[in-house]
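Peer 1: structure here, sequence nowhere to be found:
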């Protein structure tokens, strides 16, 4: 009844297998740009207009004919006639003629006739006359029409990750809606007859479903939409049926099966519907993780112990969800810190050591795979490679924030 | 008509003033834990139950009376009678007596009479008898009731930032809803007669509203709810009325006023309704930034040029929004990179230099304050301190990702 795990593969091999198996989402949708931050562009954005849409003043000052200012200096200013005052958003019908000028604010459309702006700082107003103390060359302090973006040019490309500044770029072009890749839907299926749905009273020998919530949060943070299933009892038929339903989504994640028997049921179900690509990885905790492809969809089987699940969630599900969503690899936030105590690890196992950051030290909070407190207290984790068996107290480690 | 900026203060002083002026939100709301990731707890979470709720097997194996296994070894196993098989979620009515055992799976409630689990790896099944090859001590491989969390103990505290593992902790306790701080509402008010709302046709001399979208995205990413206003023309009365409305929210951000005149209107409106705490900071771009407190609410005036706005958004609005939302300080994601070209900065100004990361180099993309392309191309920025005036090509810099 209890099949042992056969050969375990390394964490690196396992991650490589997942990476090769996942096909980024191809469905797209059109959304308002106010909802587009964090999303991934599914179209090239071609400018449909010039930016700026007209020649405009880049400084507060006076729109002039540059040639009229040549030779001006601090002691011998050029004197121009002020024929109008224009504020941003306004247009003037007057034309700047020889030795004339129009006062402009930053962002103003350049008045006809003028080809430069003399800065307010280098001018003085006096009885309808303007003294210009510094010459300007043609186009000085003017942003030319289309100088920033010319109509027809490609501004953003398919696959780009939208951040606040790129959302602003879309607005600059008057674009209200944009085509992005859909967020992939990830089925999260808790299994185990000992697991109760939240909101139900615990029967004797039951515990609450924890992992669906942890995994759903990880999926949502990394570009996916979690589709939470109710708890599936761990018999072959129920697990298989749940899997058929879960595989209608873009990826399926089963959590549960802390015992060898449960793990086998899952493994058999994947085998019936597709292929198991690995089952068992040289990691601690979370060793019995299973990954396969069934009905053309990636499927994970993640052990039920909460800290095993957390660790597998960060190590496997997180990069898988991002790849599926076409998001760039997570840029981990790393805090360099000193270990508050000695940590013994296991040679041949990559350890996911949860820690709390306090007083500048990283305090290990791992108690046992089942411990919830080690999840409550964790600020981050230290990734201890398989070839390290001991970290000394005070040793510097990189803590990756959760 | 054009008042010059008086004394500029340093970036550090300005940030300190903002920090002192902002009062973190006090309103709270109750939400489902499936929506709680990323939120801030507004209550201590006290365990209402023991976790685990019963003594349970921590390993697959055999529930035994520890004393029956003493003396067992590889060559002389102890032989026990198997009286039942229990799977997780099941309970047995049988009691483990002298020299008896019950097969259990990980997570099973411990059968009465047994006080330890002998691991499957150290046992052998043979015709209804179980050979145990290794002694176990009492409580070996058993997670005791309440050992992880005992009923009545404090598990999470007010002010804690919920991450996937803490959301899982709530689920472990059967908690479905949790009290969190509301997301602060931040009014975003674009100003300027030259600025058109998206969806409107551009009139002559107008450009589209860009900054509201950039700033809204920054607010949303940092714990706030942006409340986007329509464009307010830049005359005193309209700006003042918009400000009265905006100050009904938790914070108000006016963007616009690229010209000195517009900036003054905003400044006067803040002064009428409260106090200006600074106006003008030694930064580049974005120098004319204004901050004050009016009707007891923080209010920003951010210059209208898109890159000035972007830079002020990251430098000022981002930490202010997080403080308001009670989120921890942003942990910047920093990529160490080499400058692709020489950069001249201005002594006495902290520069926000937008860069694109490509081929392992940081390529400055800043063209001018008004340039949209420098926003489209930016992956991050380099913060050049006020006392640095030159960065050489190839010099290593920290790029903070947008």
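Peer 2: Great, that's in hand. Please read all numbers here as calculations on a predicted model, not as lab measurements.
Peer 1: which residue ranges of chain A form helices?
Peer 2: Shown for chain A, the helices assigned by DSSP state H span residues A:11-21, A:66-69, A:164-172, A:211-221, A:236-246, A:260-273, A:306-312, A:318-325, A:373-376.
Peer 1: can you give the distance from the second one to the centre of its chain?
Peer 2: Think helix A:66-69. In this view, helix A:66-69 has its centroid 51 Å away from the chain centroid, taken as Cα atoms, centre = their mean, to the nearest Å.
Peer 1: buried sites along it?
Peer 2: A:66, A:68, A:69 (16 or more other Cβ atoms under 10 Å in any protein chain shown). (Each C-beta comes from the backbone N, C-alpha and C, glycine too.)
Peer 1: output the helices of chain A in CSV, with distance to chain B appended to each entry.
Peer 2: Shown next, in CSV, are the helices of chain A (distance: least, Cβ to the nearest Cβ, whole Å):
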stretch, distance to chain B
helix A:11-21, 19
helix A:66-69, 19
helix A:164-172, 4
helix A:211-221, 4
helix A:236-246, 13
helix A:260-273, 5
helix A:306-312, 5
helix A:318-325, 9
helix A:373-376, 4
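Peer 1: span of stretch A:74-90 from start to end?
Peer 2: End-to-end distance for stretch A:74-90, by Cα to Cα, to the nearest Å: 32 Å.
Peer 1: mind checking how far it is from the chain centre?
Peer 2: With Cα atoms, centre = their mean, you get 48 Å for stretch A:74-90.
Peer 1: pLDDT averaged over it, what's the number?
Peer 2: Averaged across stretch A:74-90, the pLDDT comes to 94.
Peer 1: ok, and for that stretch, which residues are buried?
Peer 2: Buried-residue list, stretch A:74-90, by 16+ other Cβ under 10 Å: A:77, A:78, A:80, A:82, A:83, A:84, A:86, A:87, A:88, A:89, A:90.
Peer 1: touching, the third one and residue A:98? I think so.
Peer 2: Just to be clear, that refers to residue A:80. No: assessed by Cβ atoms under 8 Å, residue A:80 is found out of contact with residue A:98, at 9.5 Å.
Peer 1: between those two, which contacts overlap?
Peer 2: residue A:68 (Cβ atoms under 8 Å, 6 or more residues apart in numbering or on different chains).
Peer 1: quick revisit: can you add pLDDT and give the buried residues of helix A:66-69 back as TSV?
Peer 2: Compiled in TSV, the buried residues of helix A:66-69 are given as follows (pLDDT from 0 to 100):
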residue	pLDDT
A:66	97
A:68	97
A:69	97
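Peer 1: from those residues, pick the one nearest residue B:160.
Peer 2: residue A:66 (62.0 Å; Cβ to Cβ).
Peer 1: what are the buried residues along the least confident helix or strand in chain A by mean pLDDT?
Peer 2: One helix or strand of chain A scores below all others by mean pLDDT, DSSP states H and E: helix A:373-376, with a mean of 83. If you call a residue buried by 16+ other Cβ under 10 Å, then helix A:373-376 has these buried ones: A:373, A:374, A:375, A:376.
Peer 1: now do the contacts for the first one.
Peer 2: Think residue A:373. Residues near residue A:373 by Cβ under 8 Å, 6+ apart: A:365, A:367, B:148, B:149, B:155, B:169.
Peer 1: quick one: which of those residues sit in strands?
Peer 2: residue B:155 (DSSP state E).
Peer 1: out of the contacts of residue A:373, which is most surrounded?
Peer 2: residue B:169 (30 neighbours; other Cβ atoms under 10 Å in any protein chain shown).
Peer 1: measure it to chain A for me?
Peer 2: Distance, residue B:169 to chain A, by Cβ to the nearest Cβ, to the nearest Å: 4 Å.
Peer 1: hmm, that residue is touching residue A:374, no?
Peer 2: No: with contact defined as Cβ under 8 Å, residue B:169 does not reach residue A:374; the gap is 9.6 Å.
Peer 1: for burial, what's the neighbour tally of the residue lying closest to residue A:204 once chain neighbours are set aside?
Peer 2: Of all residues not flanking residue A:204 in the chain, residue B:91 sits nearest, at 5.3 Å (Cβ to Cβ, 6 or more residues apart in numbering or on different chains). A count of nearby residues for residue B:91, using other Cβ under 10 Å, gives 14.
Peer 1: got the contact list for residue B:91?
Peer 2: A:204, A:205, B:109.
Peer 1: who is the last one paired with across the strands?
Peer 2: So that's residue B:109. residue B:56 (DSSP bridges).
Peer 1: burial count for it?
Peer 2: Neighbour tally, residue B:109, other Cβ under 10 Å: 25.
Peer 1: who touches it in this structure?
Peer 2: Contact analysis of residue B:109 by Cβ under 8 Å, 6+ apart lists A:204, A:205, B:54, B:55, B:56, B:86, B:91.
Peer 1: likewise residue A:30?
Peer 2: Here residue A:30 is in contact with A:177, A:178, A:179, A:180 (Cβ under 8 Å, 6+ apart).
Peer 1: now flag whichever of those is closest to chain B.
Peer 2: Closest approach to chain B among these (Cβ to the nearest Cβ): residue A:177, at 9.9 Å.
Peer 1: look up how far chain B lies from the closest residue to the closest one other than its chain neighbours.
Peer 2: Distances taken as Cβ to Cβ, 6+ apart place residue A:30 nearest to residue A:177, at 5.1 Å, with adjacent residues excluded. Using Cβ to the nearest Cβ, residue A:30 is found at 15 Å from chain B.
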